[in-house]
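> take a look and give me a structure for this.
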Amino acid sequence: MEQNQVVVHHNNLTESIFSFNELELNTFIVLIYKLRNGNRKAIFDAKDIKKLINSKNRSMKRFEIIVQNLFNTTINIKTDTGYKLKHFFEELEFNSKEKTISIEVKKEFEWLIYDLKEKFTKYSLHEFIELKGAQSKRLFQLLKQYENATVRTIEINQLKKWLGAESYTRIYDFEKRVLIPSVNNLNENASININYEKIKQGRNITHIKFTIFKTKKTTASNKIEVLPASDYEKESIKIIKSVSRLREEAQKTLEKQSITRNEFEKMVEEYTQSGLTVISAEKFLRIKYSIID
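Numbers count the residues shown, from 1 in each chain. Model (predicted):
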């Protein structure tokens, strides 16, 4: 997949509610990307779409089922006053002989793809597809929408709806099963780096506040470089250390052969102050470099 392929759609589509699994979500976004280059009705090579969604299942029949599920599933499309429960596509035809997909977006929703003078979300198709799990992908979209603002605070029940995680009624379970894995996935694989904090009203956690760092990943050196920021941003955002520097520091620690609990916690604290989450710092020290206490 070419890494310069860019997906663009209206913010209302970003903030709509989907019940797609990972492959269905991949297919939906690939179709949005493809439709942007033509009009709301188009014919695509099924093999091309199948390749783009990163499906490891070679069966064309299985892919046909994915497309059918996508067509039959309703979406809660965000409107100015709330949500509208609708099928997104007007028509779908799968030509088994020619191995093509003919698909048409409902006319009432074409503005979500084409009317994009403002209020739009933009991201790399390659980056989106490479993320693991539908929840990570949805969090990626929601935070890419606000990457220029650097901060986004989301009411926790709304966040659960967007991530398809309403079954996690306890914040502990939601954080452990959904939030932490998704944030770690983004921090390790996406062009944005995320920190978050839980906001309380009284004893209850009501919101999650995300801090978003724009980053540029360099595959050759595996460095994370922070893009230029304004003087205000430089004062309010702690710059993330490069992965290469972390590796150098970890290697120096390894030369000791072992470290104490206090030394370990001190290193974790230093890395979190540089922009990493506690989970990412501990994982970096414990697993990748086999540092023990």
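> show me the contacts for Ile156.
171, 174, 205-208 (CB atoms under 8 Å, 6 or more residues apart in numbering). Every C-beta, even on glycine, is put in place using the N, C-alpha and C of the backbone.
> same question, Phe140
123, 127-128, 131, 186, 190, 192.
> show me what the top strand by length along the chain is packed up against.
Counting by DSSP state E, the longest strand found in the chain is strand 204-218. The contact analysis (3 or more CB pairs under 8 Å, 6 or more residues apart in numbering; DSSP states H and E) places strand 204-218 against strand 151-155, helix 156-163, strand 192-201, strand 223-226.
> quick check: which of those is nearest to Val67?
Judged by CB to CB, the one of the helices and strands packed on strand 204-218 that comes nearest to Val67 is helix 156-163, at 23.5 Å.
> tell me which residues of that closest one are tucked away?
Using 16 or more other CB atoms under 10 Å as the test for burial, helix 156-163 gives 156, 159-160, 162-163.
> tally of neighbours for Phe210?
Per other CB atoms under 10 Å, the neighbour tally for Phe210 reads 22.
> helix, strand or coil for Asn148?
Assigned with DSSP: H, G, I helix; E, B strand; the rest coil, Asn148 falls in the coil class.
> neighbours of Leu186, how many?
Neighbourhood size, Leu186 [other CB under 10 Å]: 23.
> circling back: export the buried residues of helix 156-163 as a markdown table, with columns for distance to Gly82.
Shown next, in a markdown table, are these (distance: CB to CB, whole Å):
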| residue | distance to Gly82 |
| --- | --- |
| Ile156 | 19 |
| Leu159 | 17 |
| Lys160 | 17 |
| Trp162 | 15 |
| Leu163 | 19 |
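> check the offset of the helix or strand Lys34 falls within from the chain's centre.
In the assignment (DSSP states H and E), Lys34 maps to helix 22-36. Once both centres are worked out by CA atoms, centre = their mean, to the nearest Å, helix 22-36 turns out to sit 14 Å from its chain's centre.
> next: stretch 128-137.
Relative to its parent chain, stretch 128-137 has a centroid offset of 6 Å by CA atoms, centre = their mean.
> and for stretch 33-50?
Distance, centroid of stretch 33-50 to centroid of chain: 22 Å (CA atoms, centre = their mean).
> if we can go back for a sec, show residues contacting the helix holding Lys34.
5-9, 13, 18, 20, 42, 44, 49, 52-55, 66-67, 69-70, 73, 88, 103, 105, 113-114, 125, 128-129, 132-134, 137-138.
> does Phe71 touch Leu92 like I think?
Yes: using CB atoms under 8 Å, Phe71 makes contact with Leu92 at a distance of 4.4 Å.
> got any ranges where this protein has weak pLDDT?
1-3, 57-58, 216-262, 264, 270-293 (pLDDT under 70).
> of the contacts of Ile156, which is the nearest to Thr79?
Closest to Thr79, out of all of these and judged by CB to CB, is His207, at 23.0 Å.
> list the contacts of that closest one.
For His207, the contact set (CB under 8 Å, 6+ apart) comprises 153-156, 198-199.
> now swap in Asn39 and tell me
Taking CB under 8 Å, 6+ apart as the test, Asn39 contacts no residue whatsoever.
> what about it, which SS state?
Put simply, Asn39 is coil when judged by three-state DSSP.
> same check, this time on Met267
Under three-state DSSP, Met267 falls in the helix class.
> how close does it sit to Thr14?
37 Å (CB to CB, to the nearest Å).
> equivalent analysis for Asn26, please.
Asn26 is 16 Å from Thr14, by CB to CB.
> one more: Asp80?
15 Å.
> before we move on, the earlier item: okay, Asn26 and Thr14: which has more neighbours?
Using other CB under 10 Å as the criterion, Asn26 and Thr14 rank with Asn26 on top: 24 against 21.
> quick check on Lys50: phi, psi?
Phi and psi for Lys50, reported as degrees, to the nearest 10, are phi -60, psi -40.
> picking that back up, the longest strand of the chain pairs with which strands?
Within its sheet, and counting by DSSP bridges, strand 204-218 is paired with strand 151-155 (antiparallel), strand 192-201 (antiparallel), strand 223-226 (antiparallel).
> done for today, thanks.
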